[in-house]
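>>> sequence and computational prediction follow.
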Amino acid sequence: MAIRSVSGHFAAAAILLFAFFMSGCVTTTDSRFSREADKQKAVENYVQLATAYIGQGNTERARHHLDRALELEPHSPQALAAYGLIYNSNGDAELAEKSFRKSISSDGSYTRARVYYGAFLYSQGRLKESRDQFLAASKDTDYKERGSVFYNLGMTQERLGLQKKAVASYRRASELTRGDARSLLSLTRVMVESGDIAGAARHYSRLTQMMERNRRLQHSPESLFTGIRIARHFGNRNQEASLALQLKNNFPESVEYQQYKALISNDK
């Protein structure tokens, strides 16, 4: 239900085909502005195709398109950032970081490069640096995936022990994504851990209502254990028993079930 990962930001939804690539030419006119506009559009198209190939795991085709983009614009922040994804997928962390940093240096306002770099740093365990990149990216109010940026920011803050800031980031993520289940669950869980059980209960209620309306949303060990902790706080034994039974039957090997067994052992 709530996949806590930043790697999803590296995948493209589909390959887009353009007549431009079929013709293999760029329309030229006597206008320098038109020539520059055509070149920039070509670079964007090459990078878009490359990103789609990266999402499919076809890095060779992706490299081909990125090389074409860099031939047109050697300092293209989009192409440099995408090359960072390729290097990272091949396990070349040093080259990946160099590409991400070059992209940001070329254009500090290119937010996607900061998102990619932040995810890379997170995967390397460099949490403070990751937090700084996501924080910078979150300030771009025009970035279409801003909700995901705040979610990733919340993850880094949570792992750094900055619970209050994590709550604020998860809440903002939930607002921007109109109550995305993943953001709601993370917000609820961290509020429980911070001691705001009443606030967590309100968000958990929203989450369970979403699940009732959308059968594709199913409980995870995280959501079940979060609900159990809320139910225990308010003395709702029936709710606790129901969620605990689901946790035991569906996720007996989960960390959350082990945590629940440790929790109830303290009652004895």
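Alright, I've got the coordinates.

>>> point out where this structure drops to low pLDDT.
1-36, 268 (pLDDT under 70).

>>> which residues in it form helices?
According to DSSP state H, the chain carries its helices in the segments 19-23, 32-56, 59-72, 77-89, 93-106, 111-123, 127-138, 146-159, 163-176, 181-194, 197-213, 221-233, 237-250, 255-265.

>>> quick one: terminal-to-terminal distance for stretch 68-80?
Terminal residues of stretch 68-80 lie 12 Å apart, using C-alpha to C-alpha, to the nearest Å.

>>> what about that stretch, distance to the chain center?
Relative to the centre of its chain, stretch 68-80 is centred 25 Å away, using C-alpha atoms, centre = their mean, to the nearest Å.

>>> just checking, Ala181 touches Arg213?
No: using C-beta atoms under 8 Å, Ala181 is not in contact with Arg213; the gap is 11.0 Å. All C-beta atoms are positioned from the backbone trio N, CA, C, and that covers glycine.

>>> neighbour count for the two, which is higher?
Ala181 (20 against 8; other C-beta atoms under 10 Å).

>>> and that one, how far from Met211?
According to C-beta to C-beta, to the nearest Å, Ala181 stands 8 Å off from Met211.

>>> mind listing the shared neighbours of the two?
Counting by C-beta atoms under 8 Å, 6 or more residues apart in numbering, the contacts common to Ala181 and Met211 are Leu217.

>>> count the residues that sit near Ser103.
Per other C-beta under 10 Å, the neighbour tally for Ser103 reads 26.

>>> got it, and Ser220?
Residue neighbour count, defined by other C-beta under 10 Å, stands at 21 for Ser220.

>>> and what of Leu49?
23.

>>> then the one 3 residues further on?
Other residues within reach of Ala52 by the criterion other C-beta under 10 Å amount to 20.

>>> please apply the same query to the one 5 residues further on.
For Gly57, the neighbour count with other C-beta under 10 Å is 9.

>>> surely Ala200 touches Ile230?
Yes: the pair Ala200 and Ile230 qualifies as a contact (C-beta under 8 Å) at a distance of 5.9 Å.

>>> find the residues that touch each one of those two.
Between them, Ala200 and Ile230 share these contacting residues under C-beta under 8 Å, 6+ apart: Thr188, Val192.

>>> how much space separates Arg159 from Asn249?
Distance, Arg159 to Asn249, by C-beta to C-beta: 30 Å.

>>> show me which of those two is the more surrounded one.
Arg159 (14 against 9).

>>> please identify the buried residues of stretch 169-176?
Buried residues in stretch 169-176, defined by neighbour count with 16 or more other C-beta atoms under 10 Å: Ser169, Tyr170, Arg171, Arg172, Ala173, Ser174, Leu176.

>>> give the contact list for the second one.
With contact taken as C-beta under 8 Å, 6+ apart, Tyr170 is in contact with Phe150, Tyr151, Gly154, Ser183, Ser186, Leu187, Val190.

>>> same question for the first one.
Applying C-beta under 8 Å, 6+ apart to Ser169 gives the contacts Ser138, Phe150, Tyr151, Leu153, Gly154, Gln157.

>>> thought the last one was touching Asp132?
Same thing as Gln157. No: using C-beta under 8 Å, Gln157 makes no contact with Asp132, being 11.2 Å away.

>>> more neighbours: which of these two?
Neighbours per residue (other C-beta under 10 Å) separate Gln157 from Asp132, with Gln157 holding more: 24 against 17.

>>> quick check: chain neighbours aside, which residue is closest to that one?
Take Gln157 and drop its neighbours on the chain: the residue closest to it by C-beta to C-beta, 6 or more residues apart in numbering is Ala166, 4.1 Å away.
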